[in-house]
Each structure stands twice: as C-alpha cells, then as structure tokens.
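> need a structure here:
(chains A and B)
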Amino acid sequence: MDLFPLGWEHYLAGGVLLGFGMSLLFASTGLIGGMSTVFTTTWSFISKAPYFSEERFAGSRRWRLVYAAGLILGAVLWLFLLGKPFVTHVPLWQLAAGGFIAGFGARMSNGCTAGHGICGMASLQVPSILAVCTFLATAIVTAHLVARFA
Amino acid sequence: MSARGYVFVLLSGAIFGFGLALSTMVQPEVVLSFLQWRDMGLLLVLAGAVVVTFFAYRLAPRLWKKPWTGGKFGAHPSSMETRTIAGAALFGIGWGLSGVCPGPAIAGLGVGNWPLLASVAGLLAGAYVQGRYFGK
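Next comes the predicted model:
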C-alpha cells in the first residue's frame, strides 16, 4: 500500500511552514495562533450578548481578524507563485453542515486542529492531546460513513 | 497591540496560509482521503507543524525576555474538562463530514475555493449558537 500516493514533500514542507507561522507569531507577539476562536470573537463586533463581550474574546478580536486576513493573503501568494486555483466538489450541504458542527464543537472544546492539534500538542498539554485523539477518531468514523452512504 | 505587532500578526498569518495552500489542506478532498485512509499526508503536515512549534515555544522565552513587539509570552489554555473532549468529538464529526477545519476554511478562499464560503458560514453559525446559548 502506498502511504503517500500524491508524494510527501509538499505535506512536510507545508507543515513546517505552518510551524514557522506559529513560531513567528509567538516570538513577535507572544500570541498563540489557534484558528477557531476568530469565529467567536468576530461576533463581538455585532452581537451585544454578554458572552461575546468578555475580555478574552473582545480583547483579541482585532488581531484574530488580521491573522485571518493573513491566511487569505498567504494563500493568494501561493496561488500567484506556485499553484493553480482549486474548487472543491464536496457538496455544499456537507460543507455547511460540517462547518456548523465543527464550529460548535471547536468552540465548546476551545480548540481545533490548529489550537489543540498544533499549539496544544506543541505545548505538550494533555487535554489537547486527548482532544486530538478524540476528534481524529470521530472524524475517521464519520468520513468512512460519508464515503459509504453519501 | 502596536502597529508593528499587527504587521507581524499579518505576516505570521500569511506564512500559515501559504503553508495550508502548499500542503493542499485547503482541498477538502485531500483531508477526506486522509480520514478515509487513502493518503497519510496529513500526518506529515501535523508532525512538521508540531515539531517546529514545539521548539519555538521552548526557545523563544529563553532567547528573549519578552516578545519582539512587547507584551508577554502566552500559553495555550486547554483544561481537562468534559467539554474539552465532548466538543472535540463533535468537532471531529463536522470535520469528517466536510473535510474542512477552521484554518483551511479561511485560507481556501485565497486559492479561489469559493464553496468554502458555505463552511465559513457554517463555522460562524456554529460558534454563534455555542457562545450565545451554551457559552460559559
């Protein structure tokens, strides 16, 4: 069985770049670059609900939006320098419903593949390592079910 | 945060977004092919990111008293609670259904993957319902 039918170099190089991004963010600002929190903090711009106004969210809403803008900028840069545009064929309902469940779950868990997966594991945080094992397990089961039935 | 701080945040995000595009994590099909055991590439992405970040989190506070633009070195706040694990279980279901997690949902827009707008809308809605009705 071929473990990497599409090659492995771009995976490793891309992963190392993710690490460089996280490292630069930490060295320059001391911030921890999880990605799911921006989906909570951005609501504080328009919602008056007390939860979104808490300092931990309202206090980080600006840099998190700038960080998200950076993500798009970096991907655009890749598109101009190396890549081709890509449009997914995953059905819209799966993208939307999966997004809703993942958004709810990541915020409940206070972390996603970036926050728990990279930052948490790199800090050797046991709760994050358990969270990663948990979401890998449920994601693998779900993806297999989707492949069979959807 | 200072203006210089924001410049570094933007630059860090751009490196991160470039990495997500280069590693093809912005393609839900690739993520799903990992979760369906057809391509183990995602493990290399995760391993590369974790190892580099591990050393940065250890070394930076030893090399410098405080971050370059001021403030102080933070820590990832994860706590051993039921919600951490239950939320992760839910997150995995959504991730496995769509092949999309928060970072690639945002970065993917930069490579023209416009259907990911549906993921971004879903993530925003899920985070809203969580915070508004279940937040604590």
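
> alpha carbons only for contacts and neighbour counts from here, please
Fine.

> Please list the residues outside stretch A:82-94 that contact it.
A:79, B:27, B:28, B:29, B:97, B:98, B:111, B:112, B:113, B:114, B:115, B:118 (C-alpha atoms under 8 Å, 6 or more residues apart in numbering or on different chains).

> Can you tell me the closest non-neighbouring residue to the second one?
What it means is residue B:27. Excluding the flanking residues, the one nearest residue B:27 by C-alpha to C-alpha, 6 or more residues apart in numbering or on different chains is residue A:88, at 6.5 Å.

> Kindly report the same for the first one.
With C-alpha to C-alpha, 6+ apart as the criterion, residue A:79 has its nearest non-adjacent residue at 5.8 Å, and that residue is residue B:111.

> again, but for the fifth one
The spatially closest residue to residue B:97, leaving aside those adjacent along the chain, is residue A:98, at 5.3 Å (C-alpha to C-alpha, 6+ apart).

> can you pull the contacts of the one you found?
Residues counted as contacts of residue A:98 (C-alpha under 8 Å, 6+ apart) are B:93, B:94, B:95, B:96, B:97, B:98, B:100, B:119, B:122.

> Dump the lengthiest helix in chain B to CSV, restricted to CA.
As assigned by DSSP state H, the longest helix anywhere in chain B is helix B:41-63. The C-alpha trace of helix B:41-63 is given here as CSV (Å, rounded to 0.1, in the frame of the first residue of the first chain):
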residue,chain,number,x,y,z
GLY,B,41,0.0,13.1,4.1
LEU,B,42,-1.9,15.0,6.8
LEU,B,43,0.2,13.3,9.5
LEU,B,44,3.3,14.8,7.9
VAL,B,45,1.7,18.2,7.9
LEU,B,46,0.7,17.9,11.6
ALA,B,47,4.1,16.5,12.6
GLY,B,48,6.1,19.2,10.8
ALA,B,49,4.0,21.9,12.4
VAL,B,50,4.1,20.5,15.9
VAL,B,51,7.9,19.8,15.9
VAL,B,52,8.7,23.4,14.7
THR,B,53,6.2,25.0,17.1
PHE,B,54,7.4,22.9,20.0
PHE,B,55,10.9,24.3,19.7
ALA,B,56,9.7,27.8,19.2
TYR,B,57,7.6,27.6,22.4
ARG,B,58,10.6,26.3,24.3
LEU,B,59,13.3,28.5,22.9
ALA,B,60,11.7,31.9,22.4
PRO,B,61,11.2,32.7,26.1
ARG,B,62,14.8,31.7,26.8
LEU,B,63,16.2,33.8,24.0
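
> residue contacts, residue B:38?
By C-alpha under 8 Å, 6+ apart, the contact list for residue B:38 reads residue A:3.

> what's the answer for residue A:117, then?
Neighbours of residue A:117 in contact, by C-alpha under 8 Å, 6+ apart: A:128, A:129, A:132, B:46, B:50.

> Next, give me the two most distant ones among those residues.
Checked with C-alpha to C-alpha, the contacts of residue A:117 reach their widest spread between A:128 and B:46, with 13.7 Å between them.

> More neighbours: which of these two?
A count of neighbours by other C-alpha atoms under 10 Å in any protein chain shown puts residue A:128 above the other of residue A:128 and residue B:46, at 32 against 22.

> is it true that that one touches residue B:78?
Yes. Using C-alpha atoms under 8 Å, residue A:128 is in contact with residue B:78, at 6.2 Å.

> So what's the residue count around residue B:132?
The local packing of residue B:132 (other C-alpha under 10 Å) involves 18 other residues.

> rewinding a little: which of the contacts of stretch A:82-94 are buried, as a PyMOL select command?
What follows is the PyMOL syntax for the buried subset of the contacts of stretch A:82-94, where burial is set by 16 or more other C-alpha atoms under 10 Å in any protein chain shown:
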select buried, (chain A and resi 79) or (chain B and resi 27+28+29+97+98+111+112+113+115+118)
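
> Quick check, residue B:40 in contact with residue A:3.
Yes. Under the criterion of C-alpha under 8 Å, residue B:40 makes contact with residue A:3 at 5.5 Å.
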